[in-house]
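1. When you get a sec, could you give me coordinates for this:
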Amino acid sequence: MNGTVIIAGGATFGDGRAELYDPATNRWSNAGTAARNTETMTRLADGRVFITGQGKEAHLYDPATNHWSVAAPMLQDRVDPSATLLGDRRVLVAGGSTTTGGQQLWLTSAEIYDPALNRWSPAGCMAQARWEQTATLLSTKVLIAGGGIPPAALSSAELFDSGGAAASPPVDSCPTGGPIQAGTEAPSAAASATVTTPSAVSTGAVTHAPVGPAAEPVRLTGIPGVGTLAISRLAAVGIVAAALVLLALAAALFLWARSRRRGI
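-> Reported below is the predicted structural model:
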């Protein structure tokens with residue numbers, strides 16, 4: 001944008017103001033209004049800026065006129081998705097979360113925005129529901145990695161190929177993921193799932209659980225006023241060994257004291 005930087009949305013008083021920063025003059029100027037809190041911002045090939053990421057609404061900013069306009073609404077309302085400008089000038093928006101019936105759900109669906117037609121089309125289902133993930137354009141594909149389903153973080157990754165099948169299932173046919181309960185494992189990416197686009201290529205395990213005997217928990221219960229304690233097996237062995245050493249020292253001291261008394 002001619003060397004200037006646009007800052008839009010965010011969480012403050014909810015007025016959605018946008019600003020332009022000019023590094024040549026070290027000054028800020030007004031850039032209209034774009035009411036977003038958790039938006040994605042993508043610079044299009046024609047210089048306009050495309051914003052999505054809160055509900056179904058999408059907006060376009062034209063730096064030539066310093067004006068915002070409403071774009072076609074997304075097929076799925078989503079918060080904190082990823083947005084990637086593809087080589088064919090379209091924008092891939094994937095994942096994120098939505099709220100249905102008061103319950104927050106995490107999305108596997110993806111869709112593509114065509115700025116030339118101002119139109120959205122479905123782009124298949126990811127193998128793993130995720131939000132706040134990264135999406136990096138490769139030579140012909142998009143690498144989608146990380147993100148999470150709170151409170152679990154994901155280490156899986158998948159590839160989107162825009163040259164895949166032309167027909168994709170509707171976004172509302174893609175499965176969703178619910179919150180992960182504390183103490184349970186995060187779901188693994190379904191590497192064997194059949195999808196159109198994006199294509200699911202699992203490149204890593206999803207969970208980060210430690211392995212080996214040292215990781216197996218030993219629970220100590222029934223301590224009044226303390227509750228349940230969880231320690232590792234190695235720590236428990238160390239505590240028992242230390243207790244035995246102390247008992248041995250106490251026994252030796254007792255025997256030594258008795259022999260001293262008899263000597264007297």
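2. Show me how the record splits the chain into domains.
-> 5-208, 210-264 (automatic domain parsing).
3. Give the rounded mean pLDDT of the longest one.
-> Right, domain 5-208. Average pLDDT, domain 5-208: 82.
4. Tell me the buried residues in stretch 91-110?
-> Across stretch 91-110, burial judged by 16 or more other CB atoms under 10 Å covers 91-98, 105-110. In short, each C-beta sits where N, CA and C put it, glycine included.
5. mind checking the SS state of residue 245?
-> Secondary structure for residue 245, judged by DSSP: H, G, I helix; E, B strand; the rest coil, is helix.
6. Out of the buried residues of stretch 91-110, which comes closest to residue 5?
-> Of all the buried residues of stretch 91-110, residue 5 sits closest to residue 91, with 19.7 Å by CB to CB.
7. Packing partners of the helix or strand containing residue 120?
-> In this structure, residue 120 sits in strand 119-125 according to DSSP states H and E. Here strand 119-125 touches strand 109-114, going by 3 or more CB pairs under 8 Å, 6 or more residues apart in numbering; DSSP states H and E.
8. any residues touching the strand it packs on, and which ones?
-> Strand 109-114 has contacts (CB atoms under 8 Å, 6 or more residues apart in numbering) with 50, 52, 58, 71-72, 74-76, 78, 86, 90-95, 119-126, 160, 162, 171-172, 174, 197-198.
9. 7 Å instead, please
-> For strand 109-114, the external contacting residues (CB atoms under 7 Å, 6 or more residues apart in numbering) are 50, 58, 74-76, 90-94, 120-126, 160, 171, 174, 198.
10. For the stretch 51-200 of the chain, just list every one of the strands.
-> 57-62, 67-70, 82-85, 91-94, 97-100, 103-107, 109-114, 119-125, 134-137, 141-145, 148-149, 152-153, 157-161, 176-177 (DSSP state E, counting those that start in this stretch).
11. nearest to residue 248, of the ones you listed?
-> Judging these by CB to CB, what sits closest to residue 248 is strand 152-153, at 45.8 Å.
12. and the closest one, which strands flank it?
-> Note on strand 152-153: by DSSP bridges, its sheet partners are strand 148-149 (antiparallel).
13. Helices of the protein, start to end?
-> 233-263 (DSSP state H).
14. and the contacts of strand 109-114, which are buried?
-> The buried subset of the contacts of strand 109-114 - by 16+ other CB under 10 Å - is 50, 58, 74-76, 90-94, 120, 122-126, 160, 171, 174, 198.
15. Tell me which residues of stretch 46-66 come out buried.
-> For stretch 46-66, by 16+ other CB under 10 Å, it's 48-55, 57-61, 63.
16. what's the answer for stretch 130-141, then?
-> 130, 131, 132, 133, 135, 141.
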